[in-house]
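Colleague: Provide a 3D model corresponding to the input given below.
(one chain, ligands or ions: 1)
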Amino acid sequence: MTAFAEFERVVRGLAPAAAVVLGSGLSRAAAAFREAAAVGFGEVPGLVPPTVPGHGGRLAVGHWGATPALVFFGRLHYYEGHSPDVVAGPARAAAALGARRFVLTNAAGGIHPNLAPGELMAIRGHLKLIGPDAWRSAGRAVREPYAAALLARMPELLAGVYAALTGPCYETPAEIRAAREMGADAVGMSTALEAEAAAGLGLEVAGVSCVTNRAAGLDPAPLAHADVLVTAQRAADRLAAVIGRLLASDLASVGA
Ligand code: HPA
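Modeller: As a prediction, this is how the structure comes out:
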């Protein structure tokens, strides 16, 4: 039996209805997750190993609190040189393994004045400033991928707009001023392609940004990847609670 076939056997036994993608430095949010089995991304059909520090590149199954769940530790980014199809691989893998809900998390720069480092933002929409469209592979364009029913489960968080840029370098201050004028509340380099693909596959989608820094030009301190990872860890407990709530809530009319 291959590593993936063995993993799939455990998945079929636990029958998780939801999957979580944990982004940059956010794996500590999984403290409440009890892992039953895991495989490297390289073992999963349609996935490739990631190349970025802080991204484990493991797909696990187990229980998040009392809820069976799939957890992607790490993700695949467009800036790593992957096609939109490959970036959307975790959404397809989650759907193929039976998930009907897809919870995306990311590390982001805060643009909205209330989004200081350590704050969480519920994503209510995005500006996809990464060029290509993941929905081509999913076959259906979903222009409002974030499920209202799941947004309603995060009433304490600012519900904002996430601007997805290609990366991998941080934005220029001028780009951040432009993004703010366009309505962006936070900025990052992921999530939009995956969210559209997942919604196109009929999954119920939620997105949560963990603000690790003020976006470029909004704070005098220079940005460094190491700072991003440290601040992301601090918000992990709050993020874990939000994810637990999203996973445990009843499925809406998913796939209808
Ligand atoms: N910009 C883009 N991506 C990010 C940032 C940022 O400021 N912080 C964490 N991920």
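Colleague: Residue 76 contacts residue 82, doesn't it?
Modeller: Yes: under the criterion of CB atoms under 8 Å, residue 76 makes contact with residue 82 at 5.1 Å. C-beta: built from backbone N, CA, C; applies to glycine.
Colleague: Overlap in contacts, these two.
Modeller: Listed contacts common to residue 76 and residue 82 are residue 48; contacts here mean CB atoms under 8 Å, 6 or more residues apart in numbering.
Colleague: Between the two, tell me which one has more neighbours.
Modeller: Neighbour totals were compared for residue 76 and residue 82, and residue 76 leads with 27 against 17 (other CB atoms under 10 Å).
Colleague: before we move on, what SS does the more buried one have?
Modeller: What DSSP: H, G, I helix; E, B strand; the rest coil gives for residue 76 is coil.
Colleague: for the ligand, what are the nearby residues on the chain?
Modeller: Neighbours of the ligand within the chain, by CB under 6 Å from any ligand atom: 107-109, 170-171, 187-189, 212-213, 215, 223, 228.
Colleague: What about those, which one has the most neighbours?
Modeller: Greatest neighbour count in those, by other CB under 10 Å, goes to residue 108: 35 neighbours.
Colleague: Work out for me the element that one sits within.
Modeller: Assigned by DSSP states H and E, residue 108 belongs to strand 101-110.
Colleague: next SSE after that strand?
Modeller: strand 120-128.
Colleague: related to what we said a few turns ago, okay, now the sheet partners of the strand holding residue 108, with direction.
Modeller: Neighbouring strands of strand 101-110 in its sheet, by DSSP bridges, are strand 18-22 (parallel), strand 186-188 (antiparallel), strand 204-214 (parallel).
Colleague: Specify the angle between it and strand 120-128 in degrees.
Modeller: Here strand 101-110 runs at an angle of 90 degrees relative to strand 120-128 (axes from the mean of the first three to the mean of the last three CA atoms, to 10 degrees).
Colleague: residues in contact with residue 162?
Modeller: Per CB under 8 Å, 6+ apart, neighbours of residue 162: 106, 108, 121, 123, 125-127, 184-188, 191-192, 207, 209.
Colleague: are any of those residues buried, and which?
Modeller: For the contacts of residue 162, a burial check counting by 16 or more other CB atoms under 10 Å picks out 106, 108, 121, 123, 125-127, 184-188, 191-192, 207, 209.
Colleague: if I read this right, residue 72 contacts residue 23, doesn't it?
Modeller: No: counting by CB under 8 Å, residue 72 does not reach residue 23; the two are 9.3 Å apart.
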